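> with the sequence up front, the predicted model follows.
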Amino acid sequence: MGLFVVFLANSFFSGVERQQKLQAEQSQLVQVLVASQPLDFGSVLTPENTRLVPWPAGSLPEGAFKTPIGVINNPRGPRVALRPIAIGEPILASKISGIGGRAAVSALLPDGMRAVAVGVNAVTGVGGLVTPGDVVDVLVTREMGGQDANDKDQMTDIVLEKVRVIAIDQVSDEDKTDPKVAKTATLEVDAVGAQKLALATEIGTISLALRNVTSIEDGANMTVTQQDLGSGWLSAPRRSQNQPSPGLAGLPPGFLSEAPMAAPRYAAPRAPAAPPRPAGPSVEIVRGTTPTTYEVKRHGS
């Protein structure tokens, strides 16, 4: 019986503590400006699509507005959404433009970052599946260097990894996820990355490789050549004029002359030698058209 009374007492006091904690949290609420309607990229903030709601002061997001003053109906100009904002989501300074601002890609760039556009097509742009907000790797395919390389020897390198796409053609709205075969993709890179992209577009062909946005591991960054595609893609190395063919390798030095080999000369065929004529008397007998000479010897000789 005593244990039951203790249990009831603990339950009562625990409920009182929870109630007091809830009242304390409610007493520390602040007003926060949120979206009352879905806001797309470029939407102007108005009293109709925003409202103030109570929000716990301890979990107030950085950049939130506690008042609509300066955000809505500003005499210096309207402010617009730079990123999609859902219903009930706090309106943050990083998601809207400045005073009198407009929905510009430059406002989407973090400090120290650059926006660089590269040319793509249906193949190099992953079949039109790359959309604003995606993360890609940038590859460049170019000709191999060296005196033994020919015009058909190619190599591919990964120039940049985990690059965010901020626009496809002139569309930078991340809600536009429909596949589209584009001509340009605008990428968010730092200053060095911008230099690499500018150089890569001049020396080769740029390709984009779409990757998982949650993937943080770098891939195997290596140079791939035609030899990595299998023996069917191998090309014979170029041989200089003075370099012997593989079949003559291993011969002693000096065996081959550096002078070009002269064409072989062949002697003219000789006529068969006529048989010696007899010194003494002879008889010539003609059989058909072939004459034959016989020596006539004396009797007993």
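Cool, the structure landed.
> which helices and strands does the strand ranked longest in the chain pack with?
Scanning the chain for the strand with the most residues, using DSSP state E, yields strand 154-168. Here strand 154-168 touches strand 114-119, strand 135-143, strand 184-189, helix 191-203, strand 224-225, going by 3 or more Cβ pairs under 8 Å, 6 or more residues apart in numbering; DSSP states H and E. Any C-beta I mention is one placed from the backbone N, CA and C, and that applies to glycine too.
> in it, which residues are buried?
154-156, 158-161, 163-168 (16 or more other Cβ atoms under 10 Å).
> avg pLDDT for it?
Averaged over strand 154-168, pLDDT sits at 90.
> that strand vs strand 114-119, what angle?
120 degrees (axes from the mean of the first three to the mean of the last three Cα atoms, to 10 degrees).
> make 30 the first number, not 1, from now on.
Understood, numbering begins at 30; the last thing we discussed is strand 183-197.
> and strand 183-197 with strand 164-172, angle?
Going by the same axes, to 10 degrees, strand 183-197 makes 140 degrees with strand 164-172.
> which of the helices and strands packed on strand 183-197 is buried the deepest?
Among the helices and strands packed on strand 183-197, strand 213-218 has the highest mean neighbour count (mean count of other Cβ atoms under 10 Å), at a mean of 21.
> what sits up against that one?
Strand 213-218 has contacts (Cβ atoms under 8 Å, 6 or more residues apart in numbering) with 134, 138-139, 142-149, 154, 159, 165, 167, 189, 192-198, 201, 222, 225-226, 237.
> what do you get for stretch 92-99?
59-62, 76, 79, 81, 84, 100, 119-123, 128.
> what pLDDT, on average, does stretch 93-103 get?
Stretch 93-103 comes out at a mean pLDDT of 85.
> and that stretch, how far apart are its ends?
17 Å (Cα to Cα, to the nearest Å).
> in it, which residues are buried?
Ala93, Phe94, Pro97, Val100, Ile101.
> give me the subset of the residues you listed that lies in strands.
Using DSSP E, none of those sit in strands.
> ok so, going back, now do the longest strand of the chain against strand 213-218, angle only.
Going by the same axes, to 10 degrees, strand 183-197 makes 90 degrees with strand 213-218.
> could you export the buried residues of stretch 93-103 as TSV, including distance to Thr215?
TSV is the format used below for the buried residues of stretch 93-103 (distance: Cβ to Cβ, whole Å):
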residue	distance to Thr215
Ala93	29
Phe94	29
Pro97	33
Val100	28
Ile101	30
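> tell me which of those is nearest to Asn179?
Nearest to Asn179 among those is Ala93, at 61.9 Å by Cβ to Cβ.
> counting neighbours, what do you get for the spatially closest residue to that closest one that is not a sequence neighbour?
Setting aside the residues directly before and after it, Ala93 is nearest to Pro119 in space (Cβ to Cβ, 6 or more residues apart in numbering), at 4.6 Å. When neighbours are counted by other Cβ atoms under 10 Å, Pro119 registers 18.
> any idea how far Leu138 is from Pro119?
From Pro119 over to Leu138 the distance is 22 Å, taken as Cβ to Cβ, to the nearest Å.
> what does the helix or strand hosting Val61 contact?
Val61 is part of strand 58-64 when elements are defined by DSSP states H and E. Residues outside strand 58-64 that contact it (Cβ under 8 Å, 6+ apart): 78-86, 89, 93-97, 100, 114-120.
> now do stretch 195-202
Against stretch 195-202 from outside (Cβ under 8 Å, 6+ apart): 69-71, 113, 132, 134, 137-138, 144, 146, 159-162, 205, 209, 211-217.
> isn't Ala238 up against Thr153?
No: here Ala238 does not reach Thr153: they are 9.8 Å apart, not a contact under Cβ atoms under 8 Å.
> ok, the two, which is more surrounded?
When Ala238 and Thr153 are compared for neighbours, Thr153 comes out ahead with 18 against 14, by other Cβ under 10 Å.
> pLDDT at Thr79, what is it?
93.
> might you report the residue contacts of it?
Counting by Cβ under 8 Å, 6+ apart, Thr79 has contacts Leu62, Val63, Ala64, Ser65, Pro97, Val100, Ile101, Ile120.
> check contacts around the last one.
Shown in contact with Ile120 (Cβ under 8 Å, 6+ apart): Leu62, Val63, Ala64, Leu74, Thr79, Ala93, Phe94, Val100, Ile114.
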